[in-house]
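Visitor: Got a predicted structure plus its sequence, pasted below:
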Amino acid sequence: MQTRFCRTQIPRTLECVVLVFVIKTNIENFTNKLKSLFCQLSKLLKSYVSSQGSTFSKDFQRRRF
């Protein structure tokens, strides 16, 4: 009876280890893609602001917050 328990327990443990590894890898991939997306967005916003030139900064300075 006990050997039967061990036989079923080892594959389940291995499945859990593999599952944790897959989840960890997916989270790392998601995080890296999110960082890349924010980097691209930042570059896009910087290029937009620089393309607006002085009119953007004058409009921004006129606004009261």
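Guide: Done, it's in.
Visitor: any idea of the mean pLDDT in stretch 44-60?
Guide: Average pLDDT, stretch 44-60: 74.
Visitor: Could you do stretch 26-40 as well?
Guide: For stretch 26-40, mean pLDDT is 96.
Visitor: burial count for L44?
Guide: 10 (other CB atoms under 10 Å). From N, CA and C alone the C-beta is placed, and that goes for glycine too.
Visitor: quick one: it from C16, how far?
Guide: 42 Å (CB to CB, to the nearest Å).
Visitor: Could you do F38 as well?
Guide: Taking CB to CB, one finds F38 at 33 Å from C16.
Visitor: now do S42
Guide: 39 Å.
Visitor: Then K46?
Guide: With CB to CB as the criterion, K46 and C16 are 45 Å apart.
Visitor: which residues of the chain fall in helices?
Guide: 2-62 (DSSP state H).
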